[in-house]
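Trainee: A structural model of the following input is requested.
(one chain, ligands or ions: 1)
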Amino acid sequence: MRVTVFGTGYVGLVQGTILAEVGHQVVCMDVDAEKIEALKQGIIPIYEPGLESLVKENTATGRLSFTTDAALAVAHGDIQFIAVGTPPDEDGSADLQYVLKVAETIAEHMEAHRILVDKSTVPVGTADRVRARVAEVLERRGRTELTFDVVSNPEFLKEGSAVADCQKPDRIIIGTADEHSVEVMRELYAPFGRQHEKIIVMDVKSAELTKYAANCMLATKISFMNEMANLAERLGADIEAVRQGIGSDPRIGYHFIYPGVGYGGSCFPKDVQALIHTADSIGFDSKVLKAVEARNAEQKTTLFAKICEHFGGELAGKTLALWGLSFKPNTDDMREAPSRVLMEALWAAGARVQAFDPEAMEETQRLYGDRDELALCGTKEAALKGADALVIVTEWQSFRAPDFDLIYKQLSQPTVFDGRNMYEPARMAKKGFTYYSVGRLPAT
Ligand code: NAD
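Mentor: Prediction:
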């Protein structure tokens, strides 16, 4: 099948590549000429395990190609994916300018029936707005005979495992009332073997809300566990025991119940905000979501509060080694990362940061490269040198079993602030560390 994908970010690039991999002819279009030029040369702008080789292989076979030419892109695909960003506007609502711009572009150039498939995360009612925008342009062009449909097909991939998630999706949501579109979408996803059994067809608005509901539910689990961890800390209970205790109930389950330093990334924060905004706009007070957001904002400050208290409020002149900058492991994405809140608070208090991340160094350099209070270190060990304490913000696999003797020797005070509960408090105490966790019982 002939498919066009607008937007070559995490979603568009991965989905486009996976569709090419199963045999579809895919053209990926982006307005970012530099990105397209790089992709043509096999340079992948993001870190995503497994993606680079797939892009190269499929480009070589000719099934996957990249362009900035909108006319060519619209002419190519019977199916036109919209996978552009929907960042938060100042008021927290989803900014739909990029989505509507793509709708306009498609309408400007289409010469035959087109199915516009919205993969971006968009508020309920967006498909209607896309439809209206396309109709407007067709009217202006005097081409009202051209037919089209707008399908909601939200994306559930996770950064860090985006390729695997797209290859084996838990479900494929198709939101449309048009039978022809449903048939086309079923055919498109049929090569994913048994995955077609996972296709769930529904009305457009329900599909749009499903994506928000999923992300908001996950954000709720995180904020809930963070609240329990904060409580455990104050009550003298161990959140790790509590986690195991509640996770064993199949109605609760073990997934996504790890406390930490708050959720970040390009999706949870903005999607929770956007749904709150949607609710507000219709006069509905979404009490749960507001609490989820407030807890998260506060959670991002907890590591700093612990560090501050440990050093008696005197952070000026202190140096902190920081392990983990990306908002979660296996990505270089720093959007809304808890590390940023922490670093900015440390700098404001006069501290220096020596940071290491396995993938997000370039992105950190881009964001904060001009700051004297930040040293970006080539290895996690180099970040320790001369630091007063170690702070762990992201639970990268390579931080799980470090050389504790080396950490002990390198730090001026053997103190570890662990924002991800990576180590056993008792073991850390035995090794002579002062160890701060999130809601775990300190070793006695
Ligand atoms: P991104 O910011 O990584 O990429 C968006 C791309 O769209 C950019 O390359 C940009 O240049 C391009 N673009 C902007 N306007 C364009 C236009 N008019 N024509 C063509 N390209 C254009 O975004 P992303 O992370 O891939 O997210 C895209 C959407 O998918 C968002 O709505 C997001 O909420 C949603 N989503 C993201 C994830 C994720 O993990 N990143 C997961 C599920 C859903």
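Trainee: which regions of this structure lie under the pLDDT threshold?
Mentor: The chain contains residues with pLDDT under 70 at 193-196.
Trainee: quick one: the strands in it?
Mentor: Under the criterion DSSP state E, the chain contains strands at 2-6, 25-29, 64-67, 79-82, 114-118, 148-152, 172-175, 199-202, 319-323, 352-356, 374-376, 389-392, 415-418, 434-436.
Trainee: mean neighbour count and distance to Ala337 added to those, as JSON lines?
Mentor: For the C-beta atoms, the positions are set from N, CA and C on the backbone; glycine is no exception. Output for these, formatted as JSON lines (neighbours: other C-beta atoms under 10 Å; distance: least, C-beta to C-beta, whole Å):
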{"stretch": "strand 2-6", "mean neighbour count": "25", "distance to Ala337": "27"}
{"stretch": "strand 25-29", "mean neighbour count": "25", "distance to Ala337": "27"}
{"stretch": "strand 64-67", "mean neighbour count": "22", "distance to Ala337": "28"}
{"stretch": "strand 79-82", "mean neighbour count": "28", "distance to Ala337": "26"}
{"stretch": "strand 114-118", "mean neighbour count": "26", "distance to Ala337": "27"}
{"stretch": "strand 148-152", "mean neighbour count": "24", "distance to Ala337": "29"}
{"stretch": "strand 172-175", "mean neighbour count": "23", "distance to Ala337": "28"}
{"stretch": "strand 199-202", "mean neighbour count": "16", "distance to Ala337": "32"}
{"stretch": "strand 319-323", "mean neighbour count": "27", "distance to Ala337": "11"}
{"stretch": "strand 352-356", "mean neighbour count": "23", "distance to Ala337": "11"}
{"stretch": "strand 374-376", "mean neighbour count": "19", "distance to Ala337": "14"}
{"stretch": "strand 389-392", "mean neighbour count": "26", "distance to Ala337": "13"}
{"stretch": "strand 415-418", "mean neighbour count": "24", "distance to Ala337": "16"}
{"stretch": "strand 434-436", "mean neighbour count": "20", "distance to Ala337": "20"}
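Trainee: mind putting those into TSV with distance to Val134?
Mentor: Below are the strands of the chain laid out as TSV (distance: least, C-beta to C-beta, whole Å):
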stretch	distance to Val134
strand 2-6	13
strand 25-29	17
strand 64-67	21
strand 79-82	10
strand 114-118	7
strand 148-152	6
strand 172-175	17
strand 199-202	22
strand 319-323	47
strand 352-356	46
strand 374-376	46
strand 389-392	49
strand 415-418	51
strand 434-436	55
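Trainee: and those: which comes nearest the ligand?
Mentor: With C-beta to the nearest ligand atom as the criterion, the ligand lies closest to strand 2-6 of the strands of the chain, at 4.2 Å.
Trainee: which strands or helices does that closest one pack on?
Mentor: Helices and strands touching strand 2-6, by 3 or more C-beta pairs under 8 Å, 6 or more residues apart in numbering; DSSP states H and E, are helix 10-21, strand 25-29, helix 70-76, strand 79-82, helix 97-109.
Trainee: pairing partners for that strand, with directions?
Mentor: With DSSP bridges as the test, strand 2-6 is paired with strand 25-29 (parallel), strand 79-82 (parallel).
Trainee: next, the angle helix 97-109 makes with the longest one.
Mentor: Following axes from the mean of the first three to the mean of the last three C-alpha atoms, to 10 degrees, one obtains 120 degrees for the angle between strand 25-29 and helix 97-109.
Trainee: circling back: how about a markdown table for the helices and strands packed on strand 2-6, with distance to the ligand added?
Mentor: What follows is the helices and strands packed on strand 2-6, written out as a markdown table (distance: least, C-beta to the nearest ligand atom, whole Å):
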| stretch | distance to the ligand |
| --- | --- |
| helix 10-21 | 4 |
| strand 25-29 | 5 |
| helix 70-76 | 7 |
| strand 79-82 | 8 |
| helix 97-109 | 4 |
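Trainee: of those, which stretch is the most buried?
Mentor: The highest mean neighbour count among the helices and strands packed on strand 2-6, using mean count of other C-beta atoms under 10 Å, belongs to strand 79-82: a mean of 28.
Trainee: ok, residues contacting stretch 221-233?
Mentor: 237-239, 242-243, 255-260, 262-263, 268, 291-293, 295-296, 299, 302, 438-440 (C-beta atoms under 8 Å, 6 or more residues apart in numbering).
Trainee: find the closest residue to the ligand in the chain.
Mentor: Closest contact between the chain and the ligand, by C-beta to the nearest ligand atom, is at Gly9 (1.9 Å).
Trainee: tally of neighbours for that residue?
Mentor: Look at Gly9: counted by other C-beta atoms under 10 Å, it has 17 neighbours.
Trainee: pull the number of nearby residues for the nearest residue to His113 once chain neighbours are set aside.
Mentor: In space, His113 comes closest to Thr147 once its chain neighbours are excluded; the distance is 4.8 Å by C-beta to C-beta, 6 or more residues apart in numbering. Here the count is done by other C-beta under 10 Å, and Thr147 has 13 residues near it.
Trainee: I'd say Thr147 and Ile115 touch.
Mentor: No. The pair Thr147 and Ile115 does not pass the contact test of C-beta atoms under 8 Å, sitting 9.9 Å apart.
Trainee: quick one: common contacting residues for these two?
Mentor: Shared contacts of Thr147 and Ile115 (C-beta under 8 Å, 6+ apart): none.
Trainee: mind listing what the residue located most distally from the centre of the chain touches?
Mentor: In the chain, counting by C-alpha atoms, centre = their mean, Gly142 sits farthest out from the average C-alpha position, at 41.0 Å. Not one residue lies near Gly142 by C-beta under 8 Å, 6+ apart.
Trainee: could I get the buried residue list for the longest helix seen in the chain?
Mentor: Longest helix of the chain, by residue count under DSSP state H: helix 204-235. Within helix 204-235, the residues that qualify as buried are 204-205, 207-212, 214-216, 218-230, 232-233, counting by 16 or more other C-beta atoms under 10 Å.
Trainee: go on, stretch 327-346?
Mentor: Buried residues in stretch 327-346, counted by 16+ other C-beta under 10 Å: 327-343, 345-346.
Trainee: which among the residues you listed are in contact with the ligand?
Mentor: Counting by C-beta under 6 Å from any ligand atom, nothing from those sits close to the ligand.
Trainee: what's the spacing between Ser120 and Ile18?
Mentor: Distance, Ser120 to Ile18, by C-beta to C-beta, to the nearest Å: 17 Å.
Trainee: the buried residues of helix 204-235 also near the ligand: which ones?
Mentor: Taking C-beta under 6 Å from any ligand atom as the test, the ligand is in contact with none of these.
Trainee: residues from the protein in reach of the ligand?
Mentor: By C-beta under 6 Å from any ligand atom, the part of the chain that sits against the ligand consists of 6-12, 29-32, 35, 83-86, 98, 101-102, 120-121, 155, 157, 159, 266-267.
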